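Asker: Could you look at this predicted model? Sequence included:
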Amino acid sequence: MAQRSSSGRGGTATRTRRQGGDRTPNTPRISESEIARMRVDDLRGQLRRHGVSGISALRKPELVKTLVKTLRAGGAGRRGSGPAGRAASTKKAGTAGRTTGAARRSASGAARTGRSTSRSVRSSQLISSLQDRPERLGRSLVTTSHDVIRRWARERGAKPATVSGTERAGRIGVLTFNMPGYRESSRIREITWDEWFHTFDLRKLNLIYQEQMRDGRQSNFFRTESPDREDG
């Protein structure tokens, strides 16, 4: 009898493992394999939504473990958190089934996306706060954070500006920066930060930029870009 009972329990356990797959304990709706397939930027976005800090330097395996641990601790119960929560939230918004990286970034409040989001935005590392750091030298970055943009400009002595002659119906034209020894032109007209950011947000722009070149030198590269291909 004992042998049959033991065998029966073993068979039940085997069936349970097969049915549950690699779902994390206590969180049956969350699949570790699904989390492991997420992009690095998406993992960081999910962790930030749960209030987890100090993740900028973590590599993907560590990010996966941290997110699993966070969800296991109760984060999966929040609306819109984790793969299952994100799907439910997306369905309520009338966009069920959208599981691309761009959609996940948009849902997490990261880079602005649209019908014509460029490859540059998709491939750049998201910097959403002053605590975030580039993963490596020469990394292409993207941000919409006013604080991040101000700091980047301040470190280079850059002033908010626009390109004269690109105005439309009295509105500010193409956004740029007036940078000492860089892009000096009679067409560059300085404006206030309030004007710059008002236009930046009104046009739903992203700032694509670099902090450093691959050799470690400071980089002045930047451009504003709209997911709908409007001029920056």
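Answerer: On my side now, so go ahead.
Asker: Lowest-scoring secondary structure element of the chain by mean pLDDT?
Answerer: Ranking every helix and strand in the chain by mean pLDDT, DSSP states H and E puts helix 101-107 at the bottom, with a mean of 38.
Asker: how near is residue 64 to residue 219?
Answerer: Using CB to CB, to the nearest Å, we find residue 64 at a distance of 30 Å from residue 219. Glycine gets a C-beta too; all of them are placed from N, C-alpha and C.
Asker: How about whichever helix or strand comes after the least confident helix or strand of the chain, which residues are buried there?
Answerer: Counting by DSSP states H and E, the element after helix 101-107 in chain order, helix or strand, is helix 119-123. Neighbour counts using 16 or more other CB atoms under 10 Å place 121-122 of helix 119-123 among the buried residues.
Asker: would you list every one of the strands in this structure?
Answerer: Along the chain, the stretches classed as strands by DSSP state E are 125-126, 141-143, 159-163, 175-178, 188-190, 206-209, 222-225.
Asker: which stretches of this structure aren't confidently modelled?
Answerer: Low-confidence segments of the chain, defined by pLDDT under 70: 1-30, 54, 56-57, 75-110, 114-117, 183-184, 229-232.
Asker: hang on, the earlier thing: got the strands of the chain as CSV, with mean neighbour count and distance to residue 119 columns?
Answerer: Compiled in CSV, the strands of the chain are given as follows (neighbours: other CB atoms under 10 Å; distance: least, CB to CB, whole Å):
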stretch, mean neighbour count, distance to residue 119
strand 125-126, 20, 14
strand 141-143, 23, 12
strand 159-163, 21, 24
strand 175-178, 23, 21
strand 188-190, 15, 28
strand 206-209, 23, 11
strand 222-225, 20, 11
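Asker: what sits against the spatially closest residue to residue 139 that is not a sequence neighbour?
Answerer: With CB to CB, 6 or more residues apart in numbering as the criterion, residue 139 has its nearest non-adjacent residue at 5.4 Å, and that residue is residue 125. Residues counted as contacts of residue 125 (CB atoms under 8 Å, 6 or more residues apart in numbering) are 40-41, 134-135, 139-142.
Asker: Kindly report the same for residue 206.
Answerer: Residue 206 is in contact with 111-112, 121, 142-144, 224-227, counting by CB under 8 Å, 6+ apart.
Asker: and if you look at residue 178?
Answerer: 158-161, 188, 190.
Asker: Go again with 6 Å.
Answerer: 159, 161, 188, 190 (CB atoms under 6 Å, 6 or more residues apart in numbering).
Asker: and the second one, what are its bridge partners?
Answerer: Under the criterion DSSP bridges, residue 161 forms beta bridges with residue 176, residue 190.
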